[in-house]
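Engineer: Predicted coordinates and the sequence they were generated for:
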Amino acid sequence: MRIPRPGTIVGILLLLGLGVLACRPTSSLTEAMTPSPLPPGGETPTAQWTTRTPTTRPLPKSALSPTPTTDPTPTPLPTLTPEPTPTLLALKGPNVSYNGISFVMDPVLADEVFVDTGSDSLLDVQFSFSPEGCYRGAGCVTIYPVESYREGVVFGPDVIDNLRAAIETESNDTFPVVMAQIFLRAKTCHLRFQHGAGMRAIVMKGQDTVYANNESVVYEFHGLTDDGRYYVVATFPIDAPMLLSGCCDPAENTNEAAMPVPELPDDDAEAGAVMRRYNREAQRQLDGLDDCGFTPNLALLDALVGSLLITPSADPRPAAGGGGLLEVEIDYRGTWYRETFSYTRQAENIAHFVLVMPESQVDRATADQVFSSIDFSTVPGSLSTREGREEFAWALAYVNDAPEGYFRRQLEPGTYYVAAAFVAAPISREEAGQQDSGTLYAGMTGGGASTDYWKIEIGPGENAITLSLTDRDGWACPWLYVLDGNSYEKRTEILRNVRGKSNEQTETTPIGLVEIVDGSITLIVAEEKNEITFINELYVIVEDIAVHAEATSGVGALVATRDEDYLVIGGGESHEFRFRLPDSFIGRERAAVSVVVSGFYVPLGRCNPSVESDDVARGKKGGGHMRD
């Protein structure tokens, strides 16, 4: 599947290192333009734009003019033998792995990629996002051995040395380019990928100035592995709302929101100055554009780059004792848990876990099912299944502690499925409403977990992967507040890791001692993330007595029974629930409480929070209001 891109490619496509063959919008400029010849194959710092059209051998002259003979039977024409075409392997996403190179791509970008398996070396290993190969409308990821690139590419040493210097100093002063000019460079920043680093930008390259347009600008990433062995180039088409739709003739522009194009003077030098000023303004506007303003979302491309792992199977590092060594690093890239729980890998209130499931067991449970069935603790080795989820107790044998976010273990050769999680306990047990000897459970805290497994083949040598978690992987929403008599205390999260209606379930979460105020317990359920929560039923258990919310507010009646009539709570919204206790609690100041809730939640896209998914559409029967 090709990355969506409006419009078609106009004109001749050069190699990416040369950029776009410039098209001038006036006749005088067009006549002055002389296309430069293509450089020899491989003389570009990026993936080559190629086609997959089979060729045939030319007919020999004897076939065109056969020599007369006494034999009346004509000499047959020789059979035309096509040149061998590249062998393409289609790899399904989102987890892509080939020859020790792997990455994760969001389904929005593509559902499969293609790699030429005809090469037996890493020279020019290319993952293209179209069966036609790597061209501007599809994009690609290419891996080069550094030494081969330095020796075989014109200006290759300069490209590598300048890139390495920019990475070490985190400088944005330069950007890789060969035999071309950069007419526009925006959104330049440094990125890390697994065991490597580099820089990306939105660029427009070429040899003659053109107006900034969506056919000419591309997303480019250039990086080096930490060991200095491999050079990575990722290139994708990308559109911006203020750019012209095509490169050659502004009069043919179809984007009504594009920046107005000034009239060009007849003088070529003056015309070039006008276009350069236009492109500087385009660059300024691109730099100010949010990730969501690009198509595809810039963050999705950055995430793909960040997931890259290059450990070529052609050069395995042996591991002692046979089998293979699995190394997993958990990389939390969000901000919410850092702000709420002061998350660091080393913090005492943070615990990490890695789920390593053998292929023979993976069909028994998804990663979501395993993680949502566990009562986690920040105490190493203290894991158990939650009440009502005992059917998944067998999976605890495959859940491992990962101190400070790292896991390392020797495994028998074979196929494994890996996922990750972390829990973030409150800063103090008092804040959690627990005694000193109490266990801090995930339901009383927060955390994140992989939604999907990462498939990995364990063979001889070291097998290293990094599992990245973002705030969208947070597994608990919404937050529960309790009234302590004077104010509301933030106590716990509920419905943890229950993404989507298909995973709807009932959970019971102990929340410790709660103040009894005027004979009642009062709770607030608040959705504080970019998600929508659907609550089917909600009540509390106070010392073995089930108590339902008062129905005076309307929302209490809505969650009184499990009837598929949901209370819907969107991001930034909350609801208050009051639970009147039996007379047996008269005179009591506090009581131990557990919250029982049935429902699910749906994470929303960062760029389109108003867009409803199928789950949202199916579950949206109730209503919500903003918290005062």
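Structural biologist: Good, I have the coordinates. Residues are numbered from 1 along each chain as shown.

Engineer: Next, count neighbours for Glu327.
Structural biologist: Applying the criterion other CB atoms under 10 Å, we find 13 residues in the vicinity of Glu327. C-betas here are computed from N, CA, C, even on glycine.

Engineer: In contact with it, which residues?
Structural biologist: 406-408, 462-465 (CB atoms under 8 Å, 6 or more residues apart in numbering).

Engineer: hmm, try it at 10 Å
Structural biologist: By CB atoms under 10 Å, 6 or more residues apart in numbering, Glu327 lies in contact with 406-409, 462-466.

Engineer: where are the low-confidence patches of the stretch 401-550 of the chain?
Structural biologist: Applying pLDDT under 70 to the stretch 401-550 of the chain flags residues 426-446, 472-477, 496-497.

Engineer: per-residue confidence at Arg590?
Structural biologist: The model reports Arg590 with a pLDDT of 91.

Engineer: Spell out the secondary structure type for the closest residue to it other than its chain neighbours.
Structural biologist: Spatial nearest neighbour of Arg590, chain neighbours left out: Leu513 (4.6 Å); criterion: CB to CB, 6 or more residues apart in numbering. Assigned by DSSP: H, G, I helix; E, B strand; the rest coil, the conformation of Leu513 is strand.

Engineer: State the distance from Leu513 to Leu538.
Structural biologist: As judged by CB to CB, to the nearest Å, Leu513 and Leu538 stand 20 Å apart.

Engineer: So in terms of bridging, what pairs with the residue nearest to Arg590?
Structural biologist: On the basis of DSSP bridges, Leu513 is bridged to Ala592.

Engineer: Then the one 4 residues further on?
Structural biologist: Legend: beta-bridge partners of Val517 under DSSP bridges are Ser520.

Engineer: I'd say it and Tyr488 touch.
Structural biologist: No: judged on CB atoms under 10 Å, Val517 makes no contact with Tyr488 at a distance of 11.4 Å.

Engineer: Distance check, the residue nearest to Glu589 when sequence neighbours are not counted against Gly554.
Structural biologist: Ranked by CB to CB, 6+ apart and with sequence neighbours excluded, the top spatial neighbour of Glu589 is Ile516, at 6.1 Å. Distance, Ile516 to Gly554, by CB to CB: 24 Å.

Engineer: and if you look at Gln505?
Structural biologist: 25 Å.

Engineer: Then Pro241?
Structural biologist: Here Pro241 is placed at a distance of 42 Å from Gly554 (CB to CB).

Engineer: likewise Asn213?
Structural biologist: Counting by CB to CB, the gap from Asn213 to Gly554 is 54 Å.

Engineer: These two - which one has more neighbours?
Structural biologist: More crowded of Asn213 and Gly554, by other CB under 10 Å: Asn213, with 28 against 12.

Engineer: neighbours of the residue nearest to that one when sequence neighbours are not counted, just the number please.
Structural biologist: Leaving out its chain neighbours, the residue that sits closest to Asn213 by CB to CB, 6+ apart is Leu244, at 3.9 Å. Around Leu244 there are 26 other residues, counting by other CB under 10 Å.
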